[in-house]
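**Student:** coordinates only, sequence not included:
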């Protein structure tokens, strides 16, 4: 049995994702495809535009055999935390042979070189990072500048490609995630082999160009049409050529009644949480530095929406994604101490099944036999199957899901099943 693992968000699912599943199975000769997917919230610090159950259904119909949920503290974390959590989950299943990810580079040798250097942090690399951050650069920018300076001044000729190519490589978002996946696999001494597939579409482009486009482009269409009740049909027609038939059918069935969900739909909840915590130490929350805390508190009465608050706080030192992620951690009550505990307990302590194909029963049996963590299919079983740290993490998931379900109800009048009553999605072949 050969198994390939994919780390995904599917926010939303498009033709590029379908290609990724097909190509990953083909390259790896995989019998089964395991998908680790973000739940109701994603790594850019926003709610997913479609809930996790709709996205799970689409993934299964598009070639995935098993969909597992990446717990919300990792799904909303930095690239490093996102990768660490997802790789931990795949590795502890005990059955995954390959991790296949998309990258702008497509050059595994270069990605592995950078991953190794960032893991080892040879002198004076850490000092260079601090230097560039002191000059006002964000951490990702400072790390990139430090890497180029190190390769040019302190280790010339060591890179497997020209420095300008390395510079371009570390500025692309999918490359950055790929580097973090490789780092996480190396640190775990995992037997999972990384494989990368070149990605051609721009990760952040807001332009639709069939047949392949970015999820950002589809979300942009949804966002621009969401305020016009007459534009539903036009919005769906616009994205139809960029998504598989299975995805289109689910989108069209639920558009305007269950999706899209946008960050600004959480504005009232966020502003209430910020106002109620105005005298608290916000640095207790993940990704909130003391400087960012001051900027957040200074803008408490200056904005009325989630996106407006980000605009008010944004500066050179903090990217929109970093600010959005910090605000989401405050809203979802995800704290630094949580991550300390998760790290001490080897990150992800359970594998929660969102959905599977009936034909994948041999895969599930193999995970139960070889895996090093509980395979959770019934929430009612969690109390007797999970350690204390697992129950705490699952509790965060239940709380975050409750907020999302509340927003869906107030926006569309759709009452979603809660985490205990929804059940696992199964697909007959």
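**Tutor:** Nice, I can see it. Just so it is clear, the structure is predicted and the values come from calculations on it, not from any experiment.

**Student:** where in the protein is pLDDT low?
**Tutor:** 201-205, 225-232 (pLDDT under 70).

**Student:** at 90 what do you get?
**Tutor:** Applying pLDDT under 90 to the chain picks out residues 136-141, 163-165, 167-169, 171, 199-214, 220-238, 301-304, 315-317, 319, 429.

**Student:** All the helices of the stretch 51-200 of the chain, residue numbers only.
**Tutor:** Taking DSSP state H, counting those that start in this stretch as the criterion, the stretch 51-200 of the chain carries its helices at 52-61, 72-75, 79-92, 108-120, 125-134, 139-149, 163-169, 173-188.

**Student:** Run through the bridge partners of residue 98.
**Tutor:** Beta-bridge pairing of residue 98, defined through DSSP bridges, involves residue 4, residue 193.

**Student:** That one reaches residue 191, doesn't it?
**Tutor:** No. At 10.3 Å, residue 98 does not count as touching residue 191 under the criterion of C-beta atoms under 8 Å. (Glycine included, C-beta is placed from N, CA and C.)

**Student:** So the two - more neighbours on which side?
**Tutor:** A count of neighbours by other C-beta atoms under 10 Å puts residue 98 above the other of residue 98 and residue 191, at 21 against 10.

**Student:** list the contacts for the more buried one?
**Tutor:** Residues near residue 98 by C-beta atoms under 8 Å, 6 or more residues apart in numbering: 2-5, 24, 28, 30, 192-195.

**Student:** Which SSE is immediately downstream of the strand or helix carrying residue 326?
**Tutor:** In this assignment (DSSP states H and E), residue 326 forms part of helix 320-332. Counting by DSSP H and E, the next helix or strand C-terminal to helix 320-332 is helix 336-344.

**Student:** tell me the angle the next helix or strand after that following helix makes with helix 79-92.
**Tutor:** Sequence order places strand 351-357 as the next helix or strand after helix 336-344, per DSSP H and E. With axes from the mean of the first three to the mean of the last three C-alpha atoms, to 10 degrees defining the directions, strand 351-357 sits at 70 degrees from helix 79-92.

**Student:** how much does whichever helix or strand comes after strand 351-357 deviate in direction from strand 351-357?
**Tutor:** As assigned by DSSP H and E, the chain's next helix or strand after strand 351-357 is helix 361-370. Between helix 361-370 and strand 351-357, the angle comes out at 160 degrees (the same axes, to 10 degrees).

**Student:** Flag every buried residue along helix 361-370.
**Tutor:** Within helix 361-370, the residues that count as buried by 16 or more other C-beta atoms under 10 Å are 363-364, 366-367.

**Student:** Residues touching it, excluding its own?
**Tutor:** 1, 3, 31-32, 34, 65-66, 93-95, 351, 356, 375.

**Student:** what's the answer for stretch 133-144, then?
**Tutor:** The contact list for stretch 133-144, computed with C-beta under 8 Å, 6+ apart, reads 118, 129-132, 145, 167, 170-171, 176, 316-319, 322.

**Student:** how does it look with 7 Å?
**Tutor:** When contacts are defined by C-beta atoms under 7 Å, 6 or more residues apart in numbering, stretch 133-144 is touched by residues 129, 132, 145, 170-171, 316-319, 322.

**Student:** want to throw those residues into a markdown table with neighbour count and distance to residue 298?
**Tutor:** Output for these, formatted as a markdown table (neighbours: other C-beta atoms under 10 Å; distance: C-beta to C-beta, whole Å):
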| residue | neighbour count | distance to residue 298 |
| --- | --- | --- |
| 129 | 21 | 27 |
| 132 | 19 | 25 |
| 145 | 19 | 28 |
| 170 | 20 | 33 |
| 171 | 13 | 31 |
| 316 | 10 | 16 |
| 317 | 18 | 15 |
| 318 | 20 | 13 |
| 319 | 18 | 19 |
| 322 | 23 | 17 |
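
**Student:** Name the nearest of these relative to residue 380.
**Tutor:** Using C-beta to C-beta, residue 322 is the member of these that sits closest to residue 380, with 37.7 Å.

**Student:** residues in contact with the closest one?
**Tutor:** Going by C-beta under 7 Å, 6+ apart, residue 322 touches 138, 287.

**Student:** Likewise for the one 10 residues further on?
**Tutor:** Applying C-beta under 7 Å, 6+ apart, one finds that residue 332 lies in contact with 72, 396, 400.

**Student:** One more pass at 8 Å, please.
**Tutor:** Going by C-beta under 8 Å, 6+ apart, residue 332 touches 41, 72, 76, 396, 399-400, 403.

**Student:** circling back: quick check: neighbours shared by residue 98 and residue 191?
**Tutor:** Contact with both residue 98 and residue 191 is made by no residue, according to C-beta under 8 Å, 6+ apart.
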